[in-house]
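In: pasting the sequence and the predicted coordinates here, then a few questions.
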Amino acid sequence: MPQLSMHSPLGDLTLTEEDGAIVALDWGWGRDQDETHLLRAACDRLDAYFDGAADDFSDLVLAPYGTPYRRAVWQALRAIPPGQTRTYRDIAQVAGGSPRSVGQANGANPIPILIPCHRVVAARGLGGYSGDGGLADKLYLLELERAPIPAHPADLF
């Protein structure tokens, strides 16, 4: 599978493509580098995003591996506009399940940032983030998008 890595403010990121669709975004530098048109376009878009250009990445072809339920959650996440947040409960109302199952699907998201799991917050605080830098990465992405950041004392520790 072709992979292409890039430097970002969150550290090195590697995108993976399979059958003409992005299937993963991982933290770290990939061993093999095989630039394709899709991977180059996605890296360029991510560079612009990290420079402050609003982008919902909705036209990128993504094919995350996951159960039908997880794919439904991830599709609901893609509908959250940049600069906005939704709660786990909001996403559960769209995709089904419970706030907890939405949180589990978020944690299993194989294409973070492009599938914006960072835009999902808890009813009383930030919730979690499975990126390499944890909540610091989530805060960075929300601040980059100028999204509302919920404050809850438990999230500050």
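Out: Structure received.
In: list the contacts of Gly28.
Out: Counting by C-beta atoms under 8 Å, 6 or more residues apart in numbering, Gly28 touches 5, 11-14, 132. For the C-beta atoms, the positions are set from N, CA and C on the backbone; glycine is no exception.
In: show me what contacts Gly66?
Out: 74, 105, 108, 110.
In: the second one - how many residues pack around it?
Out: So that's Ala105. Close neighbours of Ala105, defined as other C-beta atoms under 10 Å, add up to 26.
In: where's Pro112 relative to Arg124, distance?
Out: Noted for Pro112: a distance of 23 Å to Arg124, by C-beta to C-beta, to the nearest Å.
In: who's more crowded, the two?
Out: More neighbours surround Pro112 than the other of Pro112 and Arg124, with 24 against 13 (other C-beta under 10 Å).
In: wait, that one touches Ile22, no?
Out: No: the pair Pro112 / Ile22 is not scored as a contact, 11.6 Å apart, by C-beta atoms under 8 Å.
In: just checking, Gly133 touches Leu10?
Out: Yes: counting by C-beta under 8 Å, Leu10 is a contact partner of Gly133 at 6.1 Å.
In: who touches both of these two?
Out: By C-beta under 8 Å, 6+ apart, the residues touching both Gly133 and Leu10 are Tyr140.
In: looking at the two, which is more packed in?
Out: For Gly133 against Leu10, the residue with the higher neighbour count under other C-beta under 10 Å is Leu10, and the figures read 18 against 14.
In: in contact with that one, which residues?
Out: Contacts of Leu10 (C-beta under 8 Å, 6+ apart): 27, 131-133, 137, 140-141.
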